[in-house]
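> below: sequence and its predicted model.
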Amino acid sequence: MNNRLRVLRAERNWSQADLAQRLAVSRQSVNAIETGKYDPSLPLAFKLARLFDLPVEQIFTDK
Amino acid sequence: MCSPIRSAADRKFRRQCQVAVALSLVLYMTCSQASLRLHNSVAGIVLSGLAGAFFFTEILSFGLLVTRLRDEFQRILLTRSFVWATLITMCVTTVWGFIELHGRGKVPHLDVIWIPMILICVTAAAKVLIFRQYRPESE
């Protein structure tokens, strides 16, 4: 699965640590999602969607 | 390694689990070694039971740590470490047992009481290796 997390984060000038703090996860998790090494669960994907105020499908797309 | 963002309660719980794992491992080894010396006595049986209870505490502490961890990715990595460690320990001890059985004297006897110790050590090693694999690069 592809995602636009890095772009969305950069648009808001957030570091990975900032995003991790907002999501209450580790920076390791944010990095793994951004690099496509890990696909988040639905609750975490919705949390991201709420945080960026976007629908899930605009953050995550099928390859 | 990573620097997870955790609340004070999370940090406290994680520390308690780590202490419980370390303490129960020490108590397990103490009781199991003592039970070997008090072979064929009531005290030996009691100590064996205690050793089993401490091993159970060890697994329970680890299980609690994994299930209560809020960060799902770290939870997956910890579970993966434990699964790999269990697989490796089972394979090594089974092969060792067969070598002991068929090649008498070629390898020293591996007492069953060492298996939990091996499992914990391999879990720790697997955790380091797996977490290192997903170490975030600097921004």
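Looks like it arrived, so ask away. Here the structure is a predicted model, which is why all the values come from computation and not from measurement.

> where along chain B do the helices fall?
For chain B, the helices defined by DSSP state H occupy B:8-37, B:42-68, B:72-102, B:114-133.

> can I get those helices in CSV with mean neighbour count?
Where C-beta positions appear, they are placed from N, C-alpha and C, glycine not excepted. Output for the helices of chain B, formatted as CSV (neighbours: other Cβ atoms under 10 Å in any protein chain shown):
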stretch, mean neighbour count
helix B:8-37, 15
helix B:42-68, 16
helix B:72-102, 15
helix B:114-133, 16
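
> so where is chain A shaky, pLDDT-wise?
Confidence mapping of chain A against pLDDT under 70 gives the ranges A:63.

> what about the helices in it?
A:5-11, A:16-23, A:27-34, A:42-52, A:56-59.

> okay, those, which one's buried deepest?
helix A:27-34 (a mean of 24; mean count of other Cβ atoms under 10 Å in any protein chain shown).

> tell me the contacts of B:Asp71?
A:24-26, A:29, B:4 (Cβ atoms under 8 Å, 6 or more residues apart in numbering or on different chains).

> dump those residues into JSON lines; add distance to B:Val46 as well.
Listed next are these as JSON lines, based on distance: Cβ to Cβ, whole Å:
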{"residue": "A:Ala24", "distance to B:Val46": "45"}
{"residue": "A:Val25", "distance to B:Val46": "45"}
{"residue": "A:Ser26", "distance to B:Val46": "43"}
{"residue": "A:Ser29", "distance to B:Val46": "45"}
{"residue": "B:Pro4", "distance to B:Val46": "41"}
